[in-house]
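Asker: give me coordinates for this.
(chains A and B)
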Amino acid sequence: MFKNLLRYPWEFLILALLLGSSLVTYFIFGSSPQIRRYLICLSGLLYWSWSLFYHWRRGDLNLSILVEYLVFALLGVVVLLSSVL
Amino acid sequence: MPKWLHLLFLPHPDNNHRAGLLQPGTLALLIAVYLLNQSFIKSLSVVRPGILGYSSEITAQKVLDLTNSERQKINLTPLVYNQLLEQSAIAKAKDMFASNYWAHNSPGGKVPWDFFNGVGYEFSVAGENLARDFQDTDTMMRAWMNSPTHRSNIIHQKYQEIGIGVVNGILNGVKTTLVVQHFGTPLVPLAPQEASTGNVLSAAPVTDLAPQVHPLVNPLLLTQLVGGVLFGLILVVLVIDAWHTVKKGHHRLTGSTLGHMGFLLIIFLLLILTRQGTI
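Answerer: Predicted coordinates:
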């Protein structure tokens, strides 16, 4: 796990920036449920997009990996959306 | 440990060296179960209205005090409490409960000014702030002050009077407290002395449209609990999976465990820190 972190530091830095900025944006601009819903969906989409980029860089991008990330992103989005009125 | 449990939580040749819980099929099943659970919670609000709800400690007097305190921070005169505006604010909250909506304009086409006119308040300038599902006045006030449009009503220098409605009732099957602030400046302006001294009368007590029984379940807390347990479990299995993979030195064609852990951790944080209430 950490081998990958050392081999692809920039990719993981991008992920940290994407997730960190999602968290910060959510608390700064998420005063209305509508904005919160958009931000949650955007976070899921960004995570899935990052997976495309990361595995393309690794050279192991395939359908099963895409499905795995899609399900993880969906799980996060579904659970969070239900907590927003 | 039974084999099915081992296969669910730990990597094994029989589960292709990936804990069953982390496989896309199982995760999709978890999403389906979660959605079913949410549907059950929603159906509770229809079958047994009032079981779900938010208990609140908000009072009109505290809303009035905090509103005037925000105005005084920037040297604006405090708002004078007006009984007509209070009646219009309570009428607006009762209308939202009666027609089951949450908006400035009602589905039947009523706009906020209809409530001002309905109680005979003649105004030159007027405004409305709404809030629901907050447990305490301070949190609600912070949410309003963090929202540019609500903040501009609270610190609007043209407003001279205010009326506040705090009404408990059942909205969409969920017991909640609606707070309505009606701001206005009378068509015939207040005498300067009256306006500058901030002749604040006592605000009305909370109006109850539903029986005074505390709701059994807070839907936000329930969602946070179920989601938190789910994410906590997946995070633990991811950690075990990562440790097992490093220990055994397996190479698998799967997604990044570190990436998944980072994503789920952020979602977990967002879920736990989700704010109460809506404005």
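
Asker: flag every residue of the stretch 1-150 of chain B that's near chain A.
Answerer: B:24, B:27-28, B:30-31, B:34-35, B:38, B:133, B:143, B:146-147 (C-beta under 8 Å from any C-beta of the partner chain). Where you see a C-beta, it was placed from the backbone N, CA and C, and this is true even at glycine.

Asker: check contacts around residue B:153.
Answerer: Counting by C-beta atoms under 8 Å, 6 or more residues apart in numbering or on different chains, residue B:153 touches B:127-129, B:159, B:181, B:183.

Asker: point out where the stretch 101-250 of chain B drops to low pLDDT.
Answerer: Regions of the stretch 101-250 of chain B meeting the criterion pLDDT under 70 cover residues B:190-217, B:250.

Asker: just the closest residue of it to chain A, please.
Answerer: Nearest to chain A in the stretch 101-250 of chain B, going by C-beta to the nearest C-beta, is residue B:227, at a distance of 4.2 Å.

Asker: near that residue, how many other residues are there?
Answerer: Residues lying near residue B:227 (other C-beta atoms under 10 Å in any protein chain shown) number 26.

Asker: what helices or strands is the helix or strand hosting it leaning on?
Answerer: Residue B:227 belongs to helix B:219-248 when assigned by DSSP states H and E. The helices and strands touching helix B:219-248, judged by 3 or more C-beta pairs under 8 Å, 6 or more residues apart in numbering or on different chains; DSSP states H and E, are helix A:63-83, helix B:24-47, helix B:257-272.

Asker: pretty sure residue B:176 sits in a strand.
Answerer: Yes: with DSSP: H, G, I helix; E, B strand; the rest coil as the criterion, residue B:176 is assigned to a strand.

Asker: where along the stretch 1-150 of chain B do the helices fall?
Answerer: B:3-9, B:24-47, B:60-73, B:83-99, B:112-118, B:137-146, B:148-154 (DSSP state H, counting those that start in this stretch).

Asker: where does chain A have low pLDDT?
Answerer: In chain A (pLDDT under 70), the answer is A:1-2, A:30-33, A:84-85.

Asker: surely residue B:133 meets residue B:176?
Answerer: Yes: contact criterion C-beta atoms under 8 Å: residue B:133 and residue B:176 qualify, at 5.3 Å.

Asker: starting at the chain centroid, how far to the helix holding residue B:227?
Answerer: Averaging C-alpha positions (C-alpha atoms, centre = their mean, to the nearest Å) puts helix B:219-248 26 Å from its chain's average.

Asker: list the buried residues of it.
Answerer: Neighbour counts over helix B:219-248 (16 or more other C-beta atoms under 10 Å in any protein chain shown) mark B:219-220, B:222-224, B:226-227, B:230-231, B:234-235, B:237-238, B:240-242, B:244-245 as buried.

Asker: in this structure residue A:65 contacts residue B:256, no?
Answerer: No: when contacts are counted by C-beta under 8 Å, residue A:65 is not listed as touching residue B:256 (9.1 Å).
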